[in-house]
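In: need a structure here:
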Amino acid sequence: MKKKSSAIYTFMIYTVLYALIIAFLMHFFKVQGKSLVYNGDGWRQHIRAMEYISRWLHDLIAGIFTSADMPGTYAFSIGYGSDIISTLAYYGVGDPLVLIAAFIPISHVISLYSALIVLRPYFAGLSFLIYCHTRIGYNQKTIPNYAVPKLPVVIASAISYSFCGMVIYLGMLHPFFVIPLVVFPLILTGIERYLYSNKPSFLIFAIFLAGISNYYFFYTEAILACAYFICRLTYIAMKYKESPDLFSSHKLLFSKSTPILFGISTFIKAIPYVITGIGMSMVILLPVAIQFTQNSRNGIAYAKDFFYSSDYYKMLFADMLGFYNNPMNDTELGLSAALVVGIIFMIAVNGHLRLKITWLLTIILLIFPVFGKIFNGFSYSNNRWSYAIALLATWTLISVFEDILSASLKQMITASVITIVLVFIEYKLGYLIEITAPLQKNILLSVVLICICLVLVLALRSRHMLAGIVTLAIALLSIVINISYGYSESEASFPQEFKDEMSPEEYSLASAASEVAYVDSAFSADIATGALDNSLRRYSGIGKTLSLNYNASMPYGYSSTQYAFSLANGYISTYLNKLGIFEDQSFAYYALDDRFIPMALANVRYDCANGYDDGQYMYVPYGFAEMTELSADAYPPAIKIFKNILPLSAGITYSGFITESEFNEMNLAQRQEALTQAVVLPDDVASSISNDFVANTALSYSYQDIPYSISQIDGMTITDSMGNDLSSANTITELNDIKIEAQSGASFTLTFDGLTGCETYLSINGFYGNHEHDSVMPVQFESYNGEANVTTKKLYYYTEYFAFRSDWHDYLVNFGYASSITSVKITFENEGTYSLGQMKVVCQPADTAVANLSSHLQYQMSDVNMNLSNTAYAIDTVTGKITTDTDKLMLLSIPYSTGWSIYIDGTKANLYRADIMYMAALIPTGEHDILLKYETPGLKTGSIITGLCLIIWIGITIIPMISQNRKKKIKSLR
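Out: Numbers count the residues shown, from 1 in each chain. Predicted coordinates for the structure are as follows:
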């Protein structure tokens, strides 16, 4: 009864303290008039993902309980078109808490989003308390004279865990980053229950919960949990040698009974339990794993430095003690002063060898970038696993607190010396000098609290409970200080990075207040005139000067060329790269560089431009005309809509193809023009479909390389591959294999006689930039007609030190369809070394491109129906009709996925990847009904595995309970 009462008191006190602190934190948002939606990824990814999940769940419930059709798992409104499950798994599609979105009005998604930001840290603290309760309980049974930690110390640790840096910084920007703080202690609890009592049910469930909640953190949790399991298993095996009866619930797989065989047996038996937990989450994990094989980030090269930069190590000492905004490599610690005191005493007191080794290994993981790469899936170095450091610090305080109270004079002196060294380091790093910045004030007060905590706890050694209460008070005060200096408007003012406060109604208006509202007006106008038959409802935007709102089209059913989610279709980014599309990131992209051919093939119907900037008319792609017929009420001047005057169907036909090998051998301009004449097919597919009507096509090109001269070289030296300085040469007529040493703002100009009736490009091959540890090196391109500026574009070249780089080096920069371009000025904004393999000026005649594309209009898919769901506009089928005079290849402007299949007149046919990112099918002569079906790759198999493993888990959970109850009944009858 006493144990139960203690747990209740712990829960009640923790709940009250959490409520007070979270209310204190939230009041900073309230007084500053801010919502909990971060301006960056919070607005463009997280809240949009949650709203879409809510819409999809509404359609799912309607499909289950009404006559409405079940929603599909594919959405054209996620970029060009994406799978819903695998794309949104990172953002909560499997998170049980997000499922609440199914039962609230869609406009109230912002309320749920905010509520979960408040609740998840609370659940994290509860998970930690469950772990503590389990671990302490087993310690009492197995460790002689074990001193149970005082209640205030346990609560101090839980509160410190709930408001560590991972929560009050990263967790506010990316709410699902708090999920591992909730789940990971549950996994460790499951490990403890299995190792001590041979009860695997909790472990299986915790693994399942981790797997479905967030696959990224499931990966980091798996690494850490394996290390924890091995560490604890070696300890348990040693305990088994001392007291085998304590672990009699474990049935050994071997006839002999030794600690080593016990450990091996326990490890082997755990494997099927772990597999069962993973299997239960396969409904989410398998589709994600399949999509990962096509992920756009695969194979990107990053810096391979042995150490981080010196700034990183300096940051760690500030990051450990206070609120640190934008820590390097997402290494967010933010420990309370009480936790730091616990670490100091852990070093000073005797014993706790395993804990000390764990901290040593943790420091090694933080020091070397290679471990950040491993924890981040072997890509760039990232330490989002630092949530585990907060957990380790909290358990450290609990573990050593009783030792603090019995510390010897030598240990107290050692702790004091360590504290003095810490203060000295903070001073030498400049954090305790000229205390003016919020971070410096935060660190100063944290250091003061550490010293106060150290002195008071030692002074109250004989009064254990009072010392615990002091520790709790210091922890609370430290958390309040971290929040105050991070969130106060007069200090770091973190809430200023968030959207303004909004009601559900205001959120709905803000969500719709983008280019989508104007596209919707244009779409409605075309629907009224019947002009949108066979369309995929896709739009784009003018260059980057408009800056389309990432993922704005998701809730409204419009397909778009913009996309920004962590897991992306690699075929799309490969297509952009192969054509030299002027984009910077492989998983976040806006448009198609205003180029007529890619936009036509993408079935783009509308192009958006800034209505307040008449200069944007120069960026409007060839073949697009302003929709001046839209009324002023429906079409305010903020955004103007330009409509494609040569609209292609979602499915157009070709008589010929070329192979990917042939395509890859072409230069950028040739590749683009080739797409207007033939379908690009993988080599093995091309060899299997060739017949009398569909064959490999001989290509012709109309683009022209334009001779140029280089002038006005300013602030740079240019050397060729032989080391010859070209900077002072009287005339330079070509740039091949050159290196440029540029000062900040250095530039040169290409002068040439441009052609009329063309799109003018600057073709750049093999471009690289480098300067120390710079991550971004912008390059600006300005085109001129005489002295008049025509268009300006900027490349943000991301080096190997940038986490989100594309690793692309070939570009075909489009300066638009103008009367003529006569010069291009290239400015290097950063100092550095640049190199390029080749630079050419290219003109692509528009009339030839139009003629080539028009030849595919005679036989195209008609009566296209996407069969959209009511609220989420999700699909699983696309239908249409097509008539051909001979066998043809039908190119579909739908991104390729193995989830698609095609049926021609009810018979399944082969569907091929085509033009790198799209799909194609061989259509026989005659009239045909076309049916495209979509099924998330791996979803059906994953669901079956989940169901089977769920049954196994239920059996593992219930059978021991039934057996135990039966034994109790038999015993009572005796």
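In: where does this structure have low pLDDT?
Out: The model of the chain has pLDDT under 70 over residues 1-5, 532-533, 543-547, 629-637, 728-730, 971-974.
In: one more time with 50, if that's ok
Out: Low-confidence segments of the chain, defined by pLDDT under 50: 1, 634-636.
In: For the residue most central in space within it, give me its contacts.
Out: The C-alpha lying nearest the average C-alpha coordinate of the chain belongs to Ser566 (C-alpha atoms, centre = their mean; 3.2 Å). With contact set as C-beta atoms under 8 Å, 6 or more residues apart in numbering, Ser566 has these partners: 90, 216, 587. For the C-beta atoms, the positions are set from N, CA and C on the backbone; glycine is no exception.
In: wait, isn't the last one in contact with Ser573?
Out: Yes: using C-beta atoms under 8 Å, Phe587 makes contact with Ser573 at a distance of 7.1 Å.
In: Look at the two and report which has more neighbours.
Out: Ser573 (27 against 19; other C-beta atoms under 10 Å).
In: what's the helix or strand the more buried one falls within in contact with?
Out: Taking DSSP states H and E as the definition, Ser573 sits inside helix 570-578. With C-beta under 8 Å, 6+ apart as the test, helix 570-578 has contacts from 79-80, 294-296, 298, 563, 581, 583, 586-587, 589, 663-664, 671, 806, 808, 810, 895-896, 913, 915-917.
In: same check, this time on stretch 584-592
Out: Everything outside stretch 584-592 that qualifies as a contact, by C-beta under 8 Å, 6+ apart, is 296-297, 300, 540-544, 547-548, 550, 561-568, 570, 572-573, 576-577, 581, 583, 598-599, 602, 604, 795-798, 804-808.
In: now it, how far from the centre of its chain.
Out: Computed by C-alpha atoms, centre = their mean, to the nearest Å, the chain-centroid distance of stretch 584-592 equals 14 Å.
In: Kindly report the same for stretch 517-531.
Out: 34 Å.
In: do stretch 23-34 as well
Out: 27 Å.
In: Enumerate the positions of it that are buried.
Out: If you call a residue buried by 16 or more other C-beta atoms under 10 Å, then stretch 23-34 has these buried ones: 25-26, 28-29, 32, 34.
In: These in helices, which ones?
Out: Judged by DSSP state H, the buried residues of stretch 23-34 include 25-26, 28-29 as members of helices.
In: circling back to that earlier point, who does the next helix or strand after the helix holding Ser573 pair up with?
Out: Next helix or strand after helix 570-578 toward the C-terminus (DSSP H and E): strand 588-589. Partners of strand 588-589 in the sheet, by DSSP bridges, are strand 563-564 (antiparallel).
In: Tyr131 and Gly926, how far apart?
Out: According to C-beta to C-beta, to the nearest Å, Tyr131 stands 67 Å off from Gly926.
In: Quick one: neighbours of Val183, just the number.
Out: Val183 - counted by other C-beta under 10 Å - has 24 other residues nearby.
In: would you say Met166 is within a helix?
Out: Yes: inclusion of Met166 in a helix is indicated when DSSP: H, G, I helix; E, B strand; the rest coil is applied.
In: Spit out the contact partners of it.
Out: 177-178, 181, 332-334, 386-387, 390.
In: With distance to Val878 added, can I get the buried residues of stretch 23-34 in CSV?
Out: Formatted as CSV, those follow (distance: C-beta to C-beta, whole Å):
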residue, distance to Val878
Leu25, 48
Met26, 46
Phe28, 49
Phe29, 44
Gln32, 47
Lys34, 42
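In: quick one: which of the residues you listed is nearest Ala678?
Out: If you rank the buried residues of stretch 23-34 by distance to Ala678 using C-beta to C-beta, Lys34 comes first, at 54.1 Å.
In: Met502 is in contact with the closest one, correct?
Out: No: contact criterion C-beta under 8 Å: Lys34 and Met502 do not qualify, at 9.7 Å.
In: of Tyr131 and Gly926, who's got more company?
Out: Neighbour count, other C-beta under 10 Å: between Tyr131 and Gly926, Tyr131 has more, with 24 against 13.
In: to the chain's geometric centre, what's the distance from the helix or strand where that one lies?
Out: Following DSSP H and E, the helix or strand that holds Tyr131 is helix 109-142. With C-alpha atoms, centre = their mean as the basis, helix 109-142 stands 25 Å off its chain's centre.
In: tilt between the helix or strand following it and helix 109-142?
Out: Downstream of helix 109-142, the next assigned helix or strand under DSSP H and E is helix 151-162. Interaxial angle, helix 151-162 versus helix 109-142 (axes from the mean of the first three to the mean of the last three C-alpha atoms, to 10 degrees): 140 degrees.
In: And the strands in the stretch 601-750 of the chain?
Out: 604-610, 624-626, 639-644, 651-654, 656-659, 679-681, 695-696, 704-706, 708-719, 735-752 (DSSP state E, counting those that start in this stretch).
In: Mind listing what's buried along the last one?
Out: Yep, that's strand 735-752 we're talking about. So for strand 735-752, counting by 16+ other C-beta under 10 Å, buried means 735, 738-742, 746-750, 752.
In: Could you dump these into CSV with distance to Thr659 added?
Out: Below are the buried residues of strand 735-752 laid out as CSV (distance: C-beta to C-beta, whole Å):
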residue, distance to Thr659
Leu735, 31
Ile738, 33
Lys739, 35
Ile740, 36
Glu741, 41
Ala742, 40
Ala746, 42
Ser747, 41
Phe748, 39
Thr749, 40
Leu750, 34
Phe752, 34
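In: Pick out the most distant pair among those residues.
Out: Within these, Glu741 and Phe752 form the most distant pair, 24.9 Å apart (C-beta to C-beta).
In: one step back: may I see the PyMOL selection of the buried members of the contacts of helix 570-578?
Out: In PyMOL, selecting the buried portion of these, with burial taken from 16+ other C-beta under 10 Å, looks like this:
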select buried, resi 79+80+294+295+296+563+581+583+586+587+589+663+671+806+808+810+895+896+913+915+916+917
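In: Need the distance between the two termini of stretch 236-251.
Out: Start to finish, the residues bounding stretch 236-251 are 15 Å apart (C-alpha to C-alpha, to the nearest Å).
In: swap that for stretch 578-596, sorry
Out: Termini of stretch 578-596 sit 16 Å apart (C-alpha to C-alpha).
In: And for stretch 599-615?
Out: 21 Å.
In: buried sites along the helix holding Ser573?
Out: Quick answer for helix 570-578 (16+ other C-beta under 10 Å): 570-573, 575-578.
In: what's around Gly766, how many residues?
Out: Count around Gly766 with other C-beta under 10 Å applied: 13.
In: hang on, it packs against Tyr834?
Out: No: using C-beta under 8 Å, Gly766 is not in contact with Tyr834; the gap is 10.9 Å.
In: how is this structure carved up into domains?
Out: Annotated domains of the chain cover 174-295+938-974, 506-644, 653-701+852-934, 704-844 [automatic domain parsing].
In: Redo those as a markdown table? Include distance to Glu489.
Out: Shown next, in a markdown table, are those (distance: least, C-beta to C-beta, whole Å):
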| stretch | distance to Glu489 |
| --- | --- |
| domain 174-295+938-974 | 22 |
| domain 506-644 | 22 |
| domain 653-701+852-934 | 39 |
| domain 704-844 | 30 |
